[in-house]
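>>> based on what follows, work out the 3D shape:
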Amino acid sequence: MKNIKKPLLVLLATVTLTVNFSVAAEASTYRQAKTPLNLRTGASTEKAITTVIPTGFYISELSRLGTWSKVRYGTKTGYASTKFLLTDQQIGGKRIGKTLIVNPNHPLRSSYAPGESTVARAAFEKMRLAAKKEKVTLVAFSTYRSYAYQKALFEKYVARDGFEKASTYSAQPGESEHQTGLGFDIGGADASKYAKFSFSSTKEAKWLAANAHRYGFHLRYPLGKEAWTGYTYESWHFRYVGATLAAQLKVSGLTMEEYYQLAPGKPMLP
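Down below sits the predicted model:
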């Protein structure tokens with residue numbers, strides 16, 4: 001029995017540590033920064049700022065101390081004001097890990113207004129400069145759109161083409177990726193081809209199709225995937241998802257709906 005007890009104790013200790021680790025991991029919750037948010041060394045405005053968390057960035061909330069949240073941002077751990085951390089309910093859409101899914105089945109709240117993502121903009125600028133070296137001009141001609149702006153835009157299209165047709169190429173308010181600040185409509189040197197099917201045959205569109213994933217951008221509404229995305233092919237509409245996910249989507253050839261095994265994002269009739 002003496003020879004058996006020690007291995008059993010080690011095993012029990014290992015199991016206990018595993019369980020405790022799992023509980024700790026489950027206790028952490030993702031929150032999104034509502035504004036550029038200071039990460040401090042302690043739960044007070046008098047504590048030193050170690051870095052600034054970008055608007056719209058998801059961080060892991062570990063615990064709370066009064067009006068402060070202890071959070072993990074990348075490799076850093078510190079404190080941020082809880083009132084500037086949005087919950088999933090305040091954002092809307094559907095969060096999977098640190099990825100925010102937006103489509104007709106998962107609309108955003110009308111009050112959600114993060115503005116253009118500084119992280120996505122920095123990635124675009126890096127991509128733009130890389131393309132420029134290859135004599136390819138890239139222009140982000142439409143990025144962040146507020147709920148109100150999208151509402152007015154969709155209503156204009158409905159007045160022109162009717163609800164059913166407008167729903168195949170334009171998102172209803174709350175259902176647009178542009179409201180996340182992560183959706184980028186990208187064109188080339190010829191502005192007359194902005195948001196037009198003809199853009200797909202340009203050298204800029206071909207460069208983007210081959211390289212955008214390297215900079216974290218995913219072609220959100222690809223040709224032949226209309227039944228999944230709910231929208232017609234848009235060679236110009238890219239969603240910033242980060243380099244890792246963008247590469248996985250590129251290799252798999254899947255839409256975000258397929259990749260995350262979600263229901264097809266078909267627009268619903270009123």
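>>> use CA for all of it now, contacts and neighbours both
Fine.
>>> show me the shaky parts of the chain.
1-28, 266-270 (pLDDT under 70).
>>> try it again at 80.
Scanning the chain for pLDDT under 80 picks out the ranges 1-28, 265-270.
>>> going along the chain, name the strands of the stretch 101-250 of the chain.
With DSSP state E, counting those that start in this stretch as the criterion, the stretch 101-250 of the chain has strands at 139-142, 183-187, 217-221, 234-240.
>>> contacting residues around the first one?
It refers to strand 139-142. Residues from elsewhere that reach strand 139-142, judged by C-alpha atoms under 8 Å, 6 or more residues apart in numbering: 128, 184, 185, 186, 187, 188, 189, 194.
>>> distance between that strand and the chain's centre?
Remark: strand 139-142 is offset 18 Å from the chain centroid, using C-alpha atoms, centre = their mean, to the nearest Å.
>>> now do stretch 172-184
In terms of C-alpha atoms, centre = their mean, the centre of stretch 172-184 is found 10 Å from the chain centre.
>>> start to end distance for that stretch?
This stretch, stretch 172-184, spans 17 Å end to end (C-alpha to C-alpha, to the nearest Å).
>>> outside of it, which residues touch it?
56, 102-104, 106-110, 112-117, 120, 140-148, 150-151, 154, 237-241.
>>> for the strands of the stretch 101-250 of the chain, which one sits closest to residue 158?
Of all the strands of the stretch 101-250 of the chain, strand 234-240 sits nearest to residue 158, with 18.8 Å by C-alpha to C-alpha.
>>> specify the angle between the closest one and strand 217-221 in degrees.
Using axes from the mean of the first three to the mean of the last three C-alpha atoms, to 10 degrees, the inter-axis angle of strand 234-240 relative to strand 217-221 is 130 degrees.
>>> in stretch 109-126, which residues are buried?
By neighbour count on 16 or more other C-alpha atoms under 10 Å, the buried set for stretch 109-126 is 109-110, 112-121, 123-124.
>>> residues touching it, excluding its own?
Residues from elsewhere that reach stretch 109-126 (C-alpha under 8 Å, 6+ apart): 34-35, 54-56, 90-93, 143-148, 173-174, 179-182, 215-216, 240.
>>> please apply the same query to stretch 211-227.
In contact with stretch 211-227 (C-alpha under 8 Å, 6+ apart) are residues 123-124, 126-127, 209, 229, 231-247, 249-250, 255-256, 264-266.
>>> thanks a lot, see you next time.
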